[in-house]
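>>> Could you work out the structure for the sequence below:
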Amino acid sequence: MEAIEQYAWVVWLALIAIFLVVEMVSGELTFLMLGIGAVFGIGSGLLGAPLWLQVIIAAAAAVALLVFLRPPLLRRLNRSADPKTFNVDALVGLPGIVTETVTSMSGRVKLANGDSWSARVHGERSLAPQTPIAVESIQGATAFVVIRTLEES
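The predicted structure follows:
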C-alpha cells in the first residue's frame, strides 16, 4: 500500500492527461472539470494527504466545478453563437406568391426574397397563380408550400 501512495502522483498525471485529451475531442468542458479535479488530487498528495483523502478532494473539487463553474462557462461560450438561420433553413416560413399553378407534382412560386422556386403542395389540392403562400419546408430544390393566411402576413 505504501508503494501505491508513493507513486499516486503518476496516476494523477495520467488521469489529467487522459481527461485533457478527451476534453479536446468532446469540447463540452466536462472532462476539463474532471482534469482540474485531478489537479486538486495531485496537489493534496504533494502536500502529504493520504491517498483516500486525495481521492475525496479530487472528487469534491470535480463535482463543485461541474456544478458551479461549467454552466456559466458554457453560457459564456455559447453567448456569441449566431442565432440566424442560413441557406435553405432561412427560407422556411418565408412568404411568397404562386407564379405557376402549384400541385402535388409541379408548380413555381416567387418568394419574398426574390427567388423563384419549383414548388409543390401536400395532398390533392392545387394553388392558382397569385395565391399568397408560405414555405413549409424545402426538400432538395423544391419548396413545399401552404396557403398564407391573413394572420401570417
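>>> For residue 63, see how far away residue 11 is.
Distance, residue 11 to residue 63, by CB to CB, to the nearest Å: 19 Å. All C-beta atoms are positioned from the backbone trio N, CA, C, and that covers glycine.
>>> Could you do residue 114 as well?
When residue 114 is compared with residue 63 (using CB to CB), they lie 55 Å apart.
>>> Name the next helix or strand downstream of the longest strand belonging to the chain, please.
In terms of residue count, the longest strand belonging to the chain (DSSP state E) is strand 132-139. Next along the chain after strand 132-139, taking DSSP states H and E as the criterion, comes strand 142-147.
>>> ok so, going back, of residue 114 and residue 63, who's got more company?
residue 63 (13 against 7; other CB atoms under 10 Å).
>>> quick one: strands adjacent to the longest strand of the chain?
Using DSSP bridges, strand 132-139 pairs in its sheet with strand 95-100 (antiparallel), strand 142-147 (antiparallel).
>>> could you dump those strands to TSV with mean pLDDT?
Output for the strands paired with strand 132-139, formatted as TSV (pLDDT from 0 to 100):
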stretch	mean pLDDT
strand 95-100	96
strand 142-147	94
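>>> is it true that residue 35 lies in a helix?
Yes. Counting by DSSP: H, G, I helix; E, B strand; the rest coil, residue 35 is part of a helix.
>>> In the protein, where's the longest helix?
helix 8-26 (DSSP state H).
>>> Low-confidence ranges, this protein, go.
Low-confidence segments of the chain, defined by pLDDT under 70: 80-83, 150-153.
>>> Find the residue at the geometric middle of it.
residue 78 (9.2 Å; CA atoms, centre = their mean).
>>> what's the spacing between that one and residue 29?
11 Å.
>>> Same question for residue 129.
54 Å.
>>> Name the residue in those two with the higher neighbour count.
Taking other CB under 10 Å, residue 129 and residue 29 do not tie; residue 29 has more neighbours (17 against 13).
>>> Nearest spatial neighbour of that one, chain-adjacent residues omitted?
Excluding the flanking residues, the one nearest residue 29 by CB to CB, 6 or more residues apart in numbering is residue 70, at 5.1 Å.
>>> does the one you found really touch residue 31, like I thought?
No. Between residue 70 and residue 31 there is no contact under CB atoms under 8 Å: 10.6 Å.
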